[in-house]
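Colleague: model the following, please.
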Amino acid sequence: MKGWTGNILRVDLNSRRFETQELDFDTARDFIGGRGINSLTLFNEVPPNTDPLSADNIYCMAPGPLSGTSLGLTSRVEVSTLSPYSGILGDGNAGGSMAFQMKRAGLDQLVVTGVSETPCYLLITDGRAELLDAFDIWGSSVWETTDILKERHGKGCSVACIGQAGENYVRFATTMVDKYASAARGSGAVLGSKKLKAIVVKGSGRVSLADAEAFAALAKEDKEYFDKSPYQQEVVKQYGTHVGMMMWEPGLRNYEKFLDGSEVPEQLRPEAWKEYETGRYACHGCHVKCKETYRIPSGERAGETGKGMEYECIFCLGTNCGVTDPVAIMEMENLCDVYGMDVIAIGNTIAMVKDLYSRGLLTEEQAGGLPLDWEDAQSQIELIHQTAMREGFGNMLAEGMYTLAKRLGGKAMDYCYHVKGLSRGPYPAGTFSLAHATSTRGADHLRGRSWAFSQPDPDMFPILKEHGIMPEDPEEDPAPGLIVGERMTTLTDCIGRCKGAVNNWLCAMPLCWKKPIFGGLADLMTAATGVEYTPESLEKAADRVYAVEHAFNIRQGITRADDRMPQKPEIRDTPEGMADLAKHETQLDRYYELRGYDPKRSCPTDERFAELNISFIGEKLSADAPYQKWDGPAVWNLEDLPSGGSRS
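Modeller: Numbers count the residues shown, from 1 in each chain. Got it, this is the predicted structure:
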């Protein structure tokens, strides 16, 4: 095979056996790679009603066919599992060098099944795999584990691992790649339950291309456009996602003091973070360098360095929680990286409990004696430690916002602004709410939302409107533009490309300026694989992946009612609130009509499954019905869960 390596490595932790399978050509062609083949594997192998911590759950990791090539921004690896955080499809996408090393090692996908009896880690060197004892690193942080394994196996290797949070089954524990890149949605807890501390990959091979000369020319064109783009050079390369503090409503969810960029404190604005910056860096093979390295100047962690603090940390653990101290925010970022926790999930969970506390719905006694005042950064830092250790009130926080709200009872769920267990906050009917409702991993900003409106991309959006690809006013009829955005992000996750620091078309879709919108990618995929891809066949592939993901979630109990628009209690039952809900339902109908789905079931029709050449998915879905209604992930007995460990 060209582009693809043609190999899938399966690791059975029960028997400690390895099997290298040949990647089926039709599967590769139709599902591309990365997220596509992972989602298909989950549907085929994870039964309904599976506990995410059980041996029946699987863990998949896959680069894309364009990873490991000369095309820039193709360092992304997709990690997929049944999420213990949401109870549905849980996939995360991480940078670093793992995708590059997997392709050099000759792998298109890694599938881990079963549960090890003892702590272990997986070492993959070219085509050879082995499980090694991890007793000496079990209990270690992400940073400690990564340093130890890189020293042991060579600094050129890539390390994906968990910290104490994953070992303690924190529901939003994440797989950390090369210390600082996070593949979220709970995959870290799944690795912890499997007693798999780390995955180390080192390869020396090269990706074979069908037409290497044509591919190199296209990759060069793609890079040249970046080099000439004022927006990429003067904004993205200089500030990365920090520009979001002035663009992306950094206080809309819980703490409502900062409703737009004009109200953001000076010390949290993009220019202010330059005071702590010590350099810029990039993931493997990326010429943008959108991420910063920084040094904490004072406090308990004075002198400590960190990397890649994104807008999501500044917002979710900062302004969303009422914290405006940049030093405290840097400390919290480092702690989450060290322990292996998703900053978005823990930030939303803490913001929710602070909201409940401010309303008198949660007491200091319930919180283990910690005050939960909005601006109290030190109590929040303590909560991060407690959550990773599952100690005190942190044992409840480790359950994530949806399960925590269920456990608290009373009116707590009224202030849990979630869609399928994940949160992006409450928004009125429109592009954002529709995107959150239809995202296949719960409310999310990277499933198409950010590409369905013009704010983040001054370079491309006018071109897309000129070609009739995106509407003039997406808010009037959000469904068509959102579907385009969803197709684009799906393909991006399949090929191994980065969506970019500020979620823009130019990063996510190579050469989209040349042949709007998928023509450039079709040329690249054809040159890489030898398969004659067209824009139409790529659109169909994206729709095929999305349909499989919807089908997977339906088997986990998701129904049309879960495609919800969260509202604040004071709005929910008012005439205005009910009118907005009705508008959302109308927009949902329109979305599913365009998708070819049954709007009552939010599921592809039999005809649509047939058009996408995946009738077997629809047949399996019908054969296994009915399904138990989704109400979050499996509930665990907190006393049975592991806890404790060394604080960072």
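Colleague: only C-alpha atoms from now on, for both contacts and neighbour counts.
Modeller: Fine.
Colleague: give the full set of residues in contact with the nearest residue to residue 175 once chain neighbours are set aside.
Modeller: Among residues not flanking residue 175 along the chain, residue 188 sits closest, at 4.7 Å (C-alpha to C-alpha, 6 or more residues apart in numbering). Going by C-alpha atoms under 8 Å, 6 or more residues apart in numbering, residue 188 touches 161-162, 165-167, 169, 172-175, 340.
Colleague: name the helix or strand for residue 188, please.
Modeller: Using DSSP states H and E, residue 188 maps to helix 187-193.
Colleague: how about residue 309?
Modeller: Going by DSSP H and E, residue 309 is not in any helix or strand.
Colleague: roughly how far apart are the residue nearest to residue 175 and residue 172?
Modeller: Per C-alpha to C-alpha, to the nearest Å, residue 188 is found 7 Å from residue 172.
Colleague: what do you get for residue 343?
Modeller: 9 Å.
Colleague: and if you look at residue 241?
Modeller: 22 Å.
Colleague: ok so residue 112 is a strand residue?
Modeller: Yes. Counting by DSSP: H, G, I helix; E, B strand; the rest coil, residue 112 is located in a strand.
Colleague: pull the contacting residues for it.
Modeller: Taking C-alpha under 8 Å, 6+ apart, we find residue 112 in contact with 10-13, 58-60.
Colleague: strands of the stretch 1-150 of the chain, start to end?
Modeller: 7-12, 17-22, 59-62, 77-82, 89-94, 109-113, 120-125, 128-133 (DSSP state E, counting those that start in this stretch).
Colleague: just send the ones you listed back as JSON lines, with distance to residue 39 too.
Modeller: Output for the strands of the stretch 1-150 of the chain, formatted as JSON lines (distance: least, C-alpha to C-alpha, whole Å):
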{"stretch": "strand 7-12", "distance to residue 39": "14"}
{"stretch": "strand 17-22", "distance to residue 39": "17"}
{"stretch": "strand 59-62", "distance to residue 39": "9"}
{"stretch": "strand 77-82", "distance to residue 39": "7"}
{"stretch": "strand 89-94", "distance to residue 39": "8"}
{"stretch": "strand 109-113", "distance to residue 39": "12"}
{"stretch": "strand 120-125", "distance to residue 39": "22"}
{"stretch": "strand 128-133", "distance to residue 39": "24"}
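Colleague: name the stretch among those that sits most buried.
Modeller: Across those, the average number of neighbours (mean count of other C-alpha atoms under 10 Å) peaks for strand 77-82, which reaches a mean of 30.
Colleague: pLDDT on that one, on average?
Modeller: For strand 77-82, mean pLDDT rounds to 98.
Colleague: wait, residue 496 sits on residue 68?
Modeller: No. With contacts counted by C-alpha atoms under 8 Å, residue 496 stays clear of residue 68, the gap being 9.2 Å.
Colleague: any shared contact partners between these two?
Modeller: With C-alpha under 8 Å, 6+ apart as the test, residue 496 and residue 68 both reach 74-75, 99.
Colleague: which PyMOL command selects the buried ones in those?
Modeller: Buried residues among these (16 or more other C-alpha atoms under 10 Å), as a PyMOL selection:
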select buried, resi 74+75+99
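Colleague: if we can go back for a sec, so between residue 241 and residue 172, which is more surrounded?
Modeller: residue 172 (32 against 24; other C-alpha atoms under 10 Å).
Colleague: any idea how far the more buried one lies from residue 313?
Modeller: Counting by C-alpha to C-alpha - residue 172 and residue 313 are separated by 15 Å.
Colleague: can you check residue 98 too?
Modeller: Distance from residue 98 to residue 313, by C-alpha to C-alpha: 23 Å.
Colleague: neighbour count for the two, which is higher?
Modeller: Legend: neighbour count by other C-alpha under 10 Å for residue 98 and residue 313, higher for residue 98 (32 against 23).
Colleague: any idea what the spatially closest residue to that one that is not a sequence neighbour is bridged to?
Modeller: Once flanking residues are discounted, residue 98 sits nearest to residue 158: 5.2 Å by C-alpha to C-alpha, 6+ apart. Beta-bridge partners for residue 158, by DSSP bridges, are residue 201.
Colleague: hang on, isn't residue 158 packed against residue 178?
Modeller: Yes. Using C-alpha under 8 Å, residue 158 makes contact with residue 178 at a distance of 6.1 Å.
Colleague: can you put the shared contacts of residue 496 and residue 68 in JSON lines and add distance to residue 235?
Modeller: JSON lines is the format used below for those (distance: C-alpha to C-alpha, whole Å):
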{"residue": "74", "distance to residue 235": "21"}
{"residue": "75", "distance to residue 235": "21"}
{"residue": "99", "distance to residue 235": "27"}
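Colleague: just checking, which of the shared contacts of residue 496 and residue 68 belong to helices?
Modeller: residue 99 (DSSP state H).
Colleague: which one of the shared contacts of residue 496 and residue 68 is nearest residue 521?
Modeller: Distance to residue 521, by C-alpha to C-alpha, is smallest for residue 74 among those, at 12.6 Å.
Colleague: now do the residue nearest to the closest one when sequence neighbours are not counted against residue 71, distance only.
Modeller: Spatial nearest neighbour of residue 74, chain neighbours left out: residue 497 (4.1 Å); criterion: C-alpha to C-alpha, 6+ apart. Distance, residue 497 to residue 71, by C-alpha to C-alpha: 9 Å.
Colleague: thanks a lot, catch you later.
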